[in-house]
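Undergrad: Sequence first, predicted coordinates after that:
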Amino acid sequence: MSTTIEIVPATNIRELVASLPIAEEVLTEFGLHCAGCGVNKYETIGQGAAAHGLRVEPIVAALVQARLSGRVPTIMNEDRTPQRRAPGEFNRRARFRYVVPVMSGKGGVGKSLTTGLFAVGLRRAGMKVGILDADITGPSIPRLFGLRTPLGLEPDPATPAGQQPKPLMVPATSRSAIEIVSSNLLTDQEDTAMIWRGPILSGVIRQFYEQALWSDLDYLLIDLPPGTSDAPLTVLQSLAVDGIVLVTMPQRLATMIVRKAANLVHQLKKPIVGVVENMSYFVAPDTGKRYDVFGPSYADQVADLAGAPLFARMPIDPNLVALADAGRIEEIDDPIVDVLAQQLQRAMAARPKQAETISII
């Protein structure tokens, strides 16, 4: 293939890497690891730079230099350092365009995986996305995205002169620039047990929301723990929630418990914007025959109770499970991620944006 492809901000990353293989090394030097993941199929150099909070001009210049010299040029530290905006307290929440918790009421239905798929789909649609992993005692999100390095700390840049700055957590960044804060990134040992009681858990969730150096985001997804106790209540009552997605599965018991979660949300007068049924069926790869492994679907009944559309019925997919276990969920090449993102975007666009945050404290 010719290597005369034009290198400009509008150049597609996948086409560039296919034409100029050294481009992947250059982009990786800038921290644009999306050069090697599924997002590059959809993203331009300019979009990738914006997603990672980088200036596009040094990236384009380095790519042009690499094509001329055949080597990766020296990258200045200031050109590879993401630019973040300083948070305040609750008054900065308008910088999250939409805050969307993903909830089930029951464990084991694939809520974290569904949250990850929403995030990947939204990133492929050009959105700035973050995930707050509120499942403090059972965090799965970092493993899905292959993240293990503990979160860093930076002084609050908005601190008035003469005052001691508060330390703020710096969200981890996935290969495709999805920002993530999780209790599993508070330590370098991912199997460390977080032995915290309810009030402490609620406080940690609030800290993840308020005391992290989040970028301005189109979507902040919140992976809620199962149940209807302290942690979910903290999120639903004290954060500016714009819409909730319920995750269910065909098993009748799971459906019953998800209905409890739906009733809780209705009691709190929060909007449910969609329902996803996970592990809905399995298609045998050798015969193409479909099996309802967990029995018939009850997704329509759950959606009726929730008063929300059914976004998707997701099958059991061994390939997806393998990618998730390997921390490579961003490499999934399945239309389901686009379906989920499109459904969520459509649902949120149809709802008015909340004007303010209400605190229970």
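TA: All right, it came through fine.
Undergrad: May I see the domains of this protein written out as residue ranges?
TA: 13-80, 90-349 (automatic domain parsing).
Undergrad: any chance of the ones you listed in a markdown table, with mean pLDDT and mean neighbour count too?
TA: All C-beta spots, glycine's among them, are computed from the backbone N, C-alpha and C. Compiled in a markdown table, the domains of the chain are given as follows (pLDDT from 0 to 100; neighbours: other Cβ atoms under 10 Å):
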| stretch | mean pLDDT | mean neighbour count |
| --- | --- | --- |
| domain 13-80 | 84 | 18 |
| domain 90-349 | 86 | 19 |
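Undergrad: Quick one: the ones you listed as CSV, columns for distance to Glu6 too.
TA: CSV is the format used below for the domains of the chain (distance: least, Cβ to Cβ, whole Å):
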stretch, distance to Glu6
domain 13-80, 9
domain 90-349, 21
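Undergrad: Could you say which one of the ones you listed comes nearest to Thr4?
TA: Shortest separation from Thr4 across the domains of the chain is recorded for domain 13-80, at 8.0 Å, computed as Cβ to Cβ.
Undergrad: can you tell which of the domains of the chain is closest to Ile7?
TA: That would be domain 13-80 among the domains of the chain, by Cβ to Cβ, at 4.8 Å.
Undergrad: how distant is the closest one from the center of its chain?
TA: In terms of Cα atoms, centre = their mean, to the nearest Å, the gap separating the centre of domain 13-80 from the centre of its chain is 22 Å.
Undergrad: Run through the helices of the protein in chain order.
TA: Assigned by DSSP state H, the helices in the chain fall at 13-19, 22-29, 45-51, 56-69, 77-80, 111-124, 141-144, 198-210, 230-238, 252-267, 299-306, 318-325, 335-349.
Undergrad: Could you check the angle the second one makes with helix 56-69?
TA: Which is helix 22-29. Counting by axes from the mean of the first three to the mean of the last three Cα atoms, to 10 degrees, helix 22-29 points 140 degrees away from the direction of helix 56-69.
Undergrad: Can you give the contact residues for helix 22-29?
TA: Residues from elsewhere that reach helix 22-29, judged by Cβ atoms under 8 Å, 6 or more residues apart in numbering: 13, 16-17, 33-36, 45, 48, 59, 62-63, 66-67, 70-73, 75, 80.
Undergrad: same thing with the longest one?
TA: Residues from elsewhere that reach helix 252-267 (Cβ under 8 Å, 6+ apart): 103-106, 108-109, 228, 232, 236, 244, 246-249, 272, 295, 298, 301-302, 305-306.
Undergrad: now do 7 Å
TA: 103-106, 109, 228, 236, 244, 246, 248, 272, 295, 298, 302, 305-306 (Cβ atoms under 7 Å, 6 or more residues apart in numbering).
Undergrad: next one: the third one
TA: The list of residues contacting helix 45-51 from outside it, by Cβ under 7 Å, 6+ apart, reads 9-11, 13, 32, 34, 55-56, 59-60, 126, 128, 177.
Undergrad: Alpha carbons of that helix, as CSV, please.
TA: Output of helix 45-51 as CSV, limited to C-alpha atoms (Å, rounded to 0.1, in the frame of the first residue of the first chain):
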residue,chain,number,x,y,z
ILE,A,45,-6.0,11.9,14.5
GLY,A,46,-7.8,15.1,15.6
GLN,A,47,-10.6,13.1,17.4
GLY,A,48,-8.0,10.9,19.1
ALA,A,49,-6.0,13.9,20.3
ALA,A,50,-9.1,15.6,21.6
ALA,A,51,-10.2,12.4,23.4
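Undergrad: And the contacts of helix 252-267, which is closest to Asp133?
TA: Nearest to Asp133 among these, with distances taken as Cβ to Cβ, is Met103, at 13.5 Å.
Undergrad: give the contact list for the closest residue to the closest one other than its chain neighbours.
TA: Nearest residue to Met103 in three dimensions, chain neighbours excluded: Leu224, at 4.6 Å (Cβ to Cβ, 6 or more residues apart in numbering). Leu224 sits next to Pro101, Val102, Met103, Ala134, Asp135, Ala231, Pro232, Val235 when contact means Cβ under 7 Å, 6+ apart.
Undergrad: Ignoring the adjacent residues along the chain, who's closest to the first one?
TA: Which is Pro101. The nearest residue in space to Pro101 (Cβ to Cβ, 6+ apart) is Ile222, at 4.1 Å.
Undergrad: before we move on, the earlier item: which one of the contacts of helix 252-267 is nearest to Phe208?
TA: Nearest to Phe208 among the contacts of helix 252-267, with distances taken as Cβ to Cβ, is Leu236, at 15.2 Å.
Undergrad: Contacts only, for that closest one.
TA: Counting by Cβ under 7 Å, 6+ apart, Leu236 has contacts Pro101, Val265, Leu268, Lys270.
Undergrad: Okay, and which of those map to strands?
TA: Here DSSP state E is the test, and the contacts of Leu236 give Pro101 as lying in strands.
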